[in-house]
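K.L.:
fold the stuff below for me.
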Amino acid sequence: MKKEKRARARRTGAQAAESGAARPAGGAGKTLRALGFAQKLTLAMLLVLAMALSLGGAVVLAGNFDDALNEAGQQAEVQHLLQCYALESDLLDVAARGETVTDSHLARYGSSLEDYVGGKLVALYRGDAAAQGGTSSAAAETETEAQAASDAERQPAALRTVYTSFPWDEGPTGQTDTYRMHRDGGRTYMLFEAEVETVGNPPVTLLTGHDVTSVFAARDRALLRFWEMELVVLVCAGAMIALLSRWLTNRWRV
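P.N.:
Residues are numbered from 1 along each chain as shown. Just a heads-up that it's a prediction; the model follows:
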């Protein structure tokens, strides 16, 4: 009986020794658990901070870019309208002299308009029938009737180029109520289109291009500066959060 008790005690002691050897010391286990929690807390807080900074920065940068692009668009639209008024005045002056607007006249005007606006892109378009200049009243009436019958289905392709300073193949789209964007050669342009009509002259389509590359370049610079600032903030905040997390876990462990 005593032998069985001694044997049972020896087995119990051996099992306790094995379990004690398998587990790290109490202090080491607490340290590992504390470090693991501190690291998780640091990563979680950094993730929340990064998301907050990214979201806030995206909203601010997008708002600033939209404001800058709208301002550039308003300035470009004013310049486009001034060019439309200048073209209309020129067409009225030709009509007052009893002359016909020819392609050569529009080409000369487009060249002078480009020089006047200081490097802005300019293009002038007109229909094929308009170049003939109305040889007779019967022909003009026939042209007017045909034009009225096909107004709903008229395509920009019916217009031909009289003058253009665009470095790429650009044509009118019929969208005169808004602008469109185009990228070419690393530059970004805002295009405005308008149809100028005067009494006694066929309509002429004016297309102008305004370089707004500086707006997009400013956005890219602001985005780069924000990324640099966010990186610095995350590094500094990460160090502070790590120290604070370790201090808190050490206080809890004690």
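K.L.:
quick check: chain neighbours aside, which residue is closest to the residue nearest to the spatial centre of the chain?
P.N.:
Centroid-nearest residue in the chain: residue 216, 7.3 Å away (criterion: Cα atoms, centre = their mean). Of all residues not flanking residue 216 in the chain, residue 188 sits nearest, at 5.3 Å (Cβ to Cβ, 6 or more residues apart in numbering). Quick note: C-beta positions are derived from backbone N, CA and C, even for glycine.
K.L.:
tell me which element the one you found is part of?
P.N.:
strand 187-198 (DSSP states H and E).
K.L.:
cool, and residue 125?
P.N.:
strand 121-127.
K.L.:
is it true that residue 231 lies in a helix?
P.N.:
Yes - assigned with DSSP: H, G, I helix; E, B strand; the rest coil, residue 231 falls within a helix.
K.L.:
quick one: it and residue 59, what's the gap?
P.N.:
Distance, residue 231 to residue 59, using Cβ to Cβ, to the nearest Å: 19 Å.
K.L.:
doesn't residue 193 make contact with residue 175?
P.N.:
Yes - under the criterion of Cβ atoms under 8 Å, residue 175 makes contact with residue 193 at 6.2 Å.
K.L.:
need the overlap of contacts for the two.
P.N.:
With contacts defined as Cβ atoms under 8 Å, 6 or more residues apart in numbering, no residue is shared by residue 175 and residue 193.
K.L.:
the two: which is more packed in?
P.N.:
residue 193 (22 against 12; other Cβ atoms under 10 Å).
K.L.:
who's in contact with the strand holding residue 188?
P.N.:
So strand 187-198 is contacted by 72-73, 76-77, 80-81, 84, 87-88, 91-92, 95, 121, 170, 172-176, 179-183, 203-213, 215-216 (Cβ under 8 Å, 6+ apart).
K.L.:
return the set of buried residues in that strand.
P.N.:
Residues 188-194, 196, 198 are the ones in strand 187-198 that count as buried (16 or more other Cβ atoms under 10 Å).
K.L.:
kindly report the same for stretch 84-91.
P.N.:
So for stretch 84-91, counting by 16+ other Cβ under 10 Å, buried means 84, 86-88, 90-91.
K.L.:
ok, stretch 96-109 next?
P.N.:
Buried-residue list, stretch 96-109, by 16+ other Cβ under 10 Å: 100-101, 103, 106, 109.
K.L.:
give me the angle between the helix or strand hosting residue 249 and strand 187-198.
P.N.:
Element membership for residue 249, per DSSP H and E: helix 213-253. Relative orientation of helix 213-253 with respect to strand 187-198: 140 degrees, computed using axes from the mean of the first three to the mean of the last three Cα atoms, to 10 degrees.
K.L.:
counting by contacts, list what helix 213-253 packs against.
P.N.:
helix 26-96, strand 187-198 (3 or more Cβ pairs under 8 Å, 6 or more residues apart in numbering; DSSP states H and E).
K.L.:
go again with 10 Å.
P.N.:
helix 26-96, strand 180-184, strand 187-198 (3 or more Cβ pairs under 10 Å, 6 or more residues apart in numbering; DSSP states H and E).
K.L.:
now for the ones you listed, which one comes closest to residue 227?
P.N.:
helix 26-96 (8.6 Å; Cβ to Cβ).
K.L.:
starting from the closest one, tell me the next helix or strand along the chain.
P.N.:
Sequence order places helix 103-116 as the next helix or strand after helix 26-96, per DSSP H and E.
K.L.:
and that following helix, what does it pack against?
P.N.:
Under the contact criterion of 3+ Cβ pairs under 10 Å, 6+ apart, helix 103-116 touches helix 26-96, strand 121-127, strand 159-164, strand 201-211.
K.L.:
of all those, which one is nearest residue 243?
P.N.:
helix 26-96 (9.3 Å).
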